[in-house]
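> just the structure for this:
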Amino acid sequence: MASSAQQAFAADAAAQAAWLNYGAPLFQQVDSASPIYSAGVTPPTIVNLRGSPTGLVTRFLIECTGTLNCASLHTLTRMKTGGIANLLSNIQYTDPNTLQRVNTSGLHVILDSIQRGRRPVREAVVPTNDPFGQGQNFNAQWSPATVSGGTAQNFHIVYEINLISTPGTLNGAVWANTNDAKNLFALTINPNFFGFGNSGANDISGSAYSTDAALGTALPTLTNLSFVLYQDMLVWQPPPGVNQPLVLPNMALAHAYRLSLVPALSIKANTRNELPLATQRSVLGQTLFWDNFGYAGLPGTDVTNLELKIANSVQVGIYTPNLLATRTRDEVGMDMPVGSASGGSNTDWAVYYWGSRRHPINVASGGNISLYFNPNTVEAAANLNIGYAWDEITASTMAVASFMG
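Residues are numbered from 1 along each chain as shown. Predicted coordinates:
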């Protein structure tokens, strides 16, 4: 005879299958805002958007557009350290259960979409001598590489907030079809969107565009800003003649796909700096933003290796930067970004991705698991931030007797 836990899992699987078969896809604009940008203002401008209390939500899209310009005879140059993704320095999403599922940078959200989809995010394939006119024909997910003063140019970027932790399932979806359901977004417009990059004295790796003169001289502008929130969901709609009652897959909804950005503490050279993984979660990806401001070497030459270990004894894997880049190309089809933190010629800023989506790192069952970051050169102003992507079961569901068996 099946246990209560087995019966619960079977019922939940049936409910998921019913939603995937009979749930009608619905994609709607649910909120918008047109804020005014103010450079360097403290506190920075925060845009608040709210989802609709409708359907079984699988993801949100945030469409952002605006206009760039600067003073005559000056130039803006897009930074290679994230570029227009740095429009938002922080994205927070809180679900109807007041769980903060996302608290990270705009760049991390963009890279998460790349890592999930295993492809450059929304990049058009440009064929050679295509007979049908296919290619990159629209300014979608686009920003200019340079802006000449007096000639305004527009940009378009879409941030994707995924709720599903496992493709092909509803694990992590949010039931929003209640009157008091609140899907809340807080978007921080980067107060350092523009940075003066020719002096070499300032770390502007978090900026989107660098100027060729001090900001008070180049007078860069960011205007006509628009933020539109779209909700991608399923609504219950069985076909005529099918007597299928609405049943929620509660175990699937107990999952939460979460993103966070965590600063590492003091990083030392020629040392296995330990970055422990938090417990009670399945880690799907670790994205390391290594800002070794002032380093004058090629990408990766300031790092000896990265290593993953269980209980400081079982070596899961160890990679040099180039070998890790090979693995990343196998997983997502391209390298992670590298660039200059000063906006100059040094390549002192790099992103490293340790993906585990094919085989999630289950910290609950694996015990103490840590990633070790071993740089051979650490400049005085260096810093490391780690972007985590993980799946977890919410505590309220873990406490249910039928779930625990």
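> the nearest residue to residue 67 once chain neighbours are set aside: neighbour count?
Leaving aside its chain neighbours, residue 67 sits nearest to residue 224 (4.4 Å; criterion: C-beta to C-beta, 6 or more residues apart in numbering). Placement of C-beta: from N, CA and C, glycine included. Applying other C-beta atoms under 10 Å, we find 13 residues neighbouring residue 224.
> assumed residue 224 was part of a strand.
Yes - remark: residue 224 belongs to a strand, assigned using DSSP: H, G, I helix; E, B strand; the rest coil.
> that one: what's it in contact with?
Residue 224 sits next to 65, 66, 67, 154 when contact means C-beta atoms under 8 Å, 6 or more residues apart in numbering.
> what helix or strand is the third one on?
For residue 67, the host element (DSSP states H and E) is strand 56-69.
> mind listing what the helix or strand just after that strand pairs with, with the direction of each?
Per DSSP H and E, the first helix or strand lying C-terminal to strand 56-69 is strand 75-78. Strand pairing for strand 75-78, using DSSP bridges, gives strand 146-148 (antiparallel), strand 209-211 (antiparallel).
> most neighbours among the contacts of residue 224, which one?
That'd be residue 66 among the contacts of residue 224, by other C-beta under 10 Å, with 24 neighbours.
> my guess is that one meets residue 154, correct?
Yes - assessed by C-beta atoms under 8 Å, residue 66 is found in contact with residue 154 at 7.0 Å.
> determine which two of the contacts of residue 224 are furthest apart.
Across the contacts of residue 224, the longest distance by C-beta to C-beta is 8.2 Å; it joins 65 and 67.
> what's the overlap in contacts for these two?
Joint contacts of residue 65 and residue 67 (C-beta under 8 Å, 6+ apart) are 154, 155, 224.
> can you pull the pLDDT of the second one?
Same thing as residue 155. Note on residue 155: pLDDT of 97.
> for it, give its distance to residue 93.
According to C-beta to C-beta, to the nearest Å, residue 155 and residue 93 sit 23 Å apart.
> higher neighbour count, these two?
residue 93 (25 against 22).
> next up, the contacts around residue 205.
79, 81, 82, 291, 293, 339, 340, 341, 349.
> phi, psi of it?
Backbone torsions for residue 205, taken as degrees, to the nearest 10, come to phi -60, psi -20.
> one more: residue 83?
The phi/psi pair for residue 83 (degrees, to the nearest 10) reads phi 60, psi -140.
> same deal with residue 248?
Residue torsions, per degrees, to the nearest 10, at residue 248 are phi -80, psi 140.
> about what we covered before: in TSV: the contacts of residue 224, plus distance to residue 33.
As requested, the contacts of residue 224 are arranged in TSV below (distance: C-beta to C-beta, whole Å):
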residue	distance to residue 33
65	12
66	12
67	16
154	18
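> nearest to residue 297 among the shared contacts of residue 65 and residue 67?
Distances from residue 297 to those, taken by C-beta to C-beta, are shortest for residue 155, at 31.8 Å.
> which residues touch the helix or strand harbouring that closest one?
According to DSSP H and E, residue 155 maps onto strand 153-162. Residues from elsewhere that reach strand 153-162 (C-beta under 8 Å, 6+ apart): 58-69, 84-85, 87-88, 91, 93, 102, 106, 109-110, 112-113, 116, 121-122, 139-144, 147, 172, 185, 224, 257.
> out of those residues, which are buried?
58-60, 62-66, 68-69, 84-85, 87-88, 91, 93, 102, 106, 109-110, 112-113, 116, 121, 141, 143-144, 147, 172, 185, 257 (16 or more other C-beta atoms under 10 Å).
> so, low pLDDT: which residues of this structure?
The model of the chain has pLDDT under 70 over residues 1-2, 118-128, 198-200, 365-366, 395-405.
> in it, where's the longest helix?
helix 4-22 (DSSP state H).
> next secondary structure after that helix?
strand 23-33.
> contacting residues around that next one?
Contacts for strand 23-33 (C-beta under 8 Å, 6+ apart): 47-52, 54-56, 226-237.
> quick one: the helices in the stretch 201-350 of the chain?
With helices called from DSSP state H, counting those that start in this stretch, the stretch 201-350 of the chain shows them at 215-218, 250-253, 321-332.
> the longest one packs against which elements?
Going back to what we said before, that points to helix 321-332. helix 106-117, strand 303-310, strand 349-355 (3 or more C-beta pairs under 8 Å, 6 or more residues apart in numbering; DSSP states H and E).
> now do the longest one: everything it contacts.
Going back to what we said before, that points to helix 106-117. By C-beta under 8 Å, 6+ apart, helix 106-117 touches 82, 85-91, 102, 120-122, 159-162, 167, 190, 259, 261, 285, 287, 289, 331-332, 334, 336-337, 351, 353, 355, 357, 387, 389.
> what about 6 Å?
Defining contact as C-beta atoms under 6 Å, 6 or more residues apart in numbering, one finds that helix 106-117 is touched by 82, 85, 87-88, 91, 121, 159-160, 259, 261, 285, 287, 332, 387, 389.
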